[in-house]
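> Dropping a prediction and its sequence here:
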Amino acid sequence: MKRTQFYIFGFSALMLCDTLTQISFKLASNHGGEFAMQLAWFLSIFSQPWIYGAVLGYLGSFVAWMTLLKHAPVGPAFAASHLEVVLVLIVSAVYFGDRLAPMQIVGALLIVLGIVCLSFSEAEHEKDEVH
Amino acid sequence: MSSIAILIWVINVTLDTVGHVALKFAAVTDSEESTELARWKYMLGSLPLWLGIVCFCLEFVVWLAFLSVLSLSQGVLLGAINMVSIVIAGRLVFKEKLDRMRLLGMALITVGVVFVGIYA
């Protein structure tokens, strides 16, 4: 497989698994209510199916991530994979009805811009390196 | 943010950073195995890989606790600080380059996280 195809396929798989994980996490934690260092909290979380969706997404991400890490430096590869934030924000707004304060939306834009910067720097280093 | 949310957030960043550094360590010290299967067999016997796995298992529970006190959108945005700490760790442990673009990215993410955190 060509390097570009490998990256596109790998990062898409990682992004989808990560998004599945985050949605499952939220649905699972909704079941337990606010965190308490009590057995009852853990039991209520682990006795419903969404937690296993998170486990599945986690395992998928792990395999995709370990395969990608073979070729990419840890910092920027991590950043490029984290544009999943955008997908998660869309789902949170549409599905969970999350609303952010105006300054938090500014913060979100800065974060996404920052991730793009880290990814650009990754592309630069990729050109420099000899494979 | 409540103090419990801040505490959970700090634990989460620590576990995530140590976990990623450990996995990168396991991935690069695989002694040039010829096949992918041989590579995985080698990695499964390495201590850093298991340290990484333990960190991520703990982070699994910590992240659940974090999302129980914040909305999902605020949670993932605040979690973006992990990228900053991992780039710093990559610099310290693996001597990865810190050019202007990377510094700018880290600064933007940090300011963005502060904005989200203040109003959370």
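All right, it came through fine.

> Nearest to the spatial middle of chain A, which residue is it?
Centroid-nearest residue in chain A, with C-alpha atoms, centre = their mean: residue A:18, separated by 3.9 Å.

> and the strand or helix carrying residue B:54, what other elements does it pack with?
Using DSSP states H and E, the element containing residue B:54 is helix B:47-69. The contact analysis (3 or more C-beta pairs under 8 Å, 6 or more residues apart in numbering or on different chains; DSSP states H and E) places helix B:47-69 against helix A:3-32, helix A:50-69, helix B:3-28, helix B:72-78. Where C-beta positions appear, they are placed from N, C-alpha and C, glycine not excepted.

> Mind giving me the packing neighbours of the worst-scoring helix or strand of chain B on mean pLDDT?
Lowest by mean pLDDT, DSSP states H and E among the helices and strands of chain B is helix B:36-44, with a mean of 79. Under the contact criterion of 3+ C-beta pairs under 8 Å, 6+ apart, helix B:36-44 touches no helix or strand at all.

> doesn't residue A:113 make contact with residue B:111?
No. Using C-beta atoms under 8 Å as the test, residue B:111 is too far from residue A:113 to be in contact (10.0 Å).

> What number of residues are in the vicinity of residue A:31?
Neighbour count of residue A:31, defined by other C-beta atoms under 10 Å in any protein chain shown: 16.

> Check residue A:43 too.
There are 10 residues near residue A:43, going by other C-beta under 10 Å.

> Pull out the buried positions in the helix or strand containing it.
In this structure, residue A:43 is located in helix A:39-46 according to DSSP H and E. For helix A:39-46, a neighbour-count test (16 or more other C-beta atoms under 10 Å in any protein chain shown) marks A:41, A:42, A:45 as buried.

> Now find how far off-centre it is within its chain.
24 Å (C-alpha atoms, centre = their mean, to the nearest Å).

> at contact distance from chain B, anything in that helix?
Yes. Shown here: helix A:39-46 in contact with chain B (C-beta under 8 Å from any C-beta of the partner chain) through A:42, A:45.

> ok, now which ones touch residue A:104?
Contact analysis of residue A:104 by C-beta atoms under 8 Å, 6 or more residues apart in numbering or on different chains lists B:74, B:77, B:115, B:116, B:119, B:120.

> ah, wrong one, I meant residue A:107
So residue A:107 contacts B:77, B:111, B:112, B:113, B:114, B:115, B:116, B:119 (C-beta under 8 Å, 6+ apart).

> nearest spatial neighbour of it, skipping sequence neighbours?
residue B:115 (3.0 Å; C-beta to C-beta, 6 or more residues apart in numbering or on different chains).

> For that neighbour, grab phi and psi.
Dihedral pair for residue B:115: phi -60, psi -50, per degrees, to the nearest 10.

> re the thing from before, now do the least confident helix or strand of chain B: distance to the chain's middle.
Taking mean C-alpha positions (C-alpha atoms, centre = their mean), helix B:36-44 and its chain are 23 Å apart.

> which of the residues in it are buried?
Under 16+ other C-beta under 10 Å, the buried positions of helix B:36-44 are B:39, B:42, B:43.

> which of those residues lies closest to residue A:92?
Checking these against residue A:92 with C-beta to C-beta, the nearest one is residue B:43 at 34.6 Å.

> Pretty sure the closest one sits against residue B:24.
No. Counting by C-beta under 8 Å, residue B:24 is not a contact partner of residue B:43; they are 11.6 Å apart.

> before we move on, the earlier item: kindly export the helix holding residue A:43 (C-alpha atoms) in CSV.
Only the C-alpha atoms of helix A:39-46 are listed here, as CSV (Å, rounded to 0.1, in the frame of the first residue of the first chain):
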residue,chain,number,x,y,z
LEU,A,39,-19.1,0.6,44.0
ALA,A,40,-22.6,1.6,43.0
TRP,A,41,-21.3,4.1,40.5
PHE,A,42,-19.0,1.5,38.8
LEU,A,43,-21.8,-1.1,38.8
SER,A,44,-24.3,1.1,37.2
ILE,A,45,-21.8,2.0,34.5
PHE,A,46,-20.6,-1.5,33.8
